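Asks: Here you go, sequence then predicted model.
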Amino acid sequence: MKLDELLKPISDEERCGSNLEDDPEFLSLENDIQGEPERYIGGIPAKEPKWNEIKSRAEILLLRTKDLNVAIWFARASTHCDGIGGLLTGLSVIQDYLTQYWDCVHPCLDPEDNNDPVQRVNILSQIGSYEIFVRDVHSVKLTFKNIQLTIRDILVTEGKINVLKEQSEYTKSQVEGIFHDPDNASIIQDLHQQLIDILALLKDLRKTLSQRLDDVSLLPSFDQLEAVLISVQRLCTVSISSDDEESAASTNTDTNTTMSSSISNTTAVGEIRSREDIVRVLEKVCRYIERTEPTNPAALIIRLAQTLMTKNFVEIMEMLPPEDLKIFKKILDSKAKK
């Protein structure tokens, strides 16, 4: 269903449609989105809601009513069905209802109760709830080349979720390797932009509510959801920045090579001409090893070599412990004998 269909007024007479809180379809959807809890007697595990069905049924209800409850259900189902893009769509619907239909969106404000917005605020607080929206986002699958990660996998490797070591499917190095894989660059760019858009949308939601609520202490907190999104966004940002640096370095190298070639043909293409060239090459080697062989200790040794490239002989000798100097002396003596 097109998003425009969910955003336009229900009718000229009733822009937000009827209150369907007693409608059988509304009540059935409210029940089904709970899923089935675990049954300890008989050892029957909990069952997730059928999110595809929940999404379709919520869409149908939103054609009859503009209700924040149904909008929340739609956003949750969209997140499960369509990932980060679904979360963006769902939150966009909620923001539109708050900005365009505040006066009539359900549940309606009661003039006899001084237009108390608490009921609406309680519904919207689900967006920042760890047990509701945040857990929904944890389950989002990110599809990369030949592999899928959940956002929960990423948070575990970042230390944001504590689990037993044997319960962690990926290591931090493996996740970073996936995010630095050139084949995943366009996917990460798209993900990064979606995360930026969602964080901006949450900021707009907060601003809209602060303008509508007389008591700002009623503002629901979205902090827990934002923290999850920011963690993934930072990983994307590091990946994109790294790719940009490599691209710039490659461009500069190509430019310098072209200029050198036009002056003289005696210099070999790609020849190392400075310490900076060595450091750059070592960096590329490290990244390749960390991406393809994250458990290989060679990357650590090469990182050490990088730091030594910027120091003179005396500084290097001062850095090395006496036992290591003995090893180097043996190596030098063996070379001298040859």
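Replies: Looks like it arrived, so ask away. Numbering: from 1, shown residues only.

Asks: Grab the nearest non-local neighbour of Pro220.
Replies: Ser125 (3.9 Å; CB to CB, 6 or more residues apart in numbering). All C-beta atoms are positioned from the backbone trio N, CA, C, and that covers glycine.

Asks: Shouldn't the one you found be within a helix?
Replies: Yes: assigned with DSSP: H, G, I helix; E, B strand; the rest coil, Ser125 falls within a helix.

Asks: mind listing the strands in the protein by residue range?
Replies: 141-144, 147-150 (DSSP state E).

Asks: Take those strands and write them to CSV, including mean neighbour count.
Replies: Shown next, in CSV, are the strands of the chain (neighbours: other CB atoms under 10 Å):
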stretch, mean neighbour count
strand 141-144, 15
strand 147-150, 14
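
Asks: As TSV, the ones you listed with mean pLDDT and distance to Thr99 would be great.
Replies: Listed next are these as TSV, based on pLDDT from 0 to 100; distance: least, CB to CB, whole Å:
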stretch	mean pLDDT	distance to Thr99
strand 141-144	95	30
strand 147-150	92	32
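
Asks: now the ones you listed in JSON lines, with distance to Asp82?
Replies: As requested, the strands of the chain are exported to JSON lines (distance: least, CB to CB, whole Å):
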{"stretch": "strand 141-144", "distance to Asp82": "11"}
{"stretch": "strand 147-150", "distance to Asp82": "15"}
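
Asks: Does the residue nearest to Pro220 touch Leu219 like I think?
Replies: No: between Ser125 and Leu219 there is no contact under CB atoms under 8 Å: 9.5 Å.

Asks: Now do Lys47 against Pro107, distance only.
Replies: 29 Å (CB to CB, to the nearest Å).

Asks: the more surrounded of these two?
Replies: With neighbours defined as other CB atoms under 10 Å, Lys47 and Pro107 compare such that Pro107 has more, 15 against 11.

Asks: Overlap of the contact sets of Ser125 and Leu219?
Replies: The contact sets of Ser125 and Leu219 do not overlap (CB atoms under 8 Å, 6 or more residues apart in numbering).

Asks: Pop the domain breakdown of the protein in here.
Replies: Domains of the chain are assigned by automatic domain parsing as 3-240, 274-338.

Asks: Hmm, Lys145 is touching Ala185, no?
Replies: No: the criterion here is CB under 8 Å, and Lys145 misses it with Ala185 at 10.2 Å.

Asks: So between these two, which is more surrounded?
Replies: Using other CB under 10 Å as the criterion, Lys145 and Ala185 rank with Ala185 on top: 15 against 10.

Asks: now the more buried one: how far from Leu191?
Replies: From Ala185 to Leu191 the distance is 11 Å (CB to CB).

Asks: got the contact list for the residue most central in space within the chain?
Replies: Among the residues of the chain, the one closest to the centroid is Val232, at 3.1 Å (CA atoms, centre = their mean). Taking CB under 8 Å, 6+ apart, we find Val232 in contact with Ile151, Ile154, Leu191, Leu195.

Asks: So, low pLDDT: which residues of the stretch 201-338 of the chain?
Replies: Along the stretch 201-338 of the chain, segments meeting pLDDT under 70 span 242-277, 279, 288, 290-295, 303, 306, 310-338.

Asks: From Glu283, how far out is Leu202?
Replies: 36 Å.
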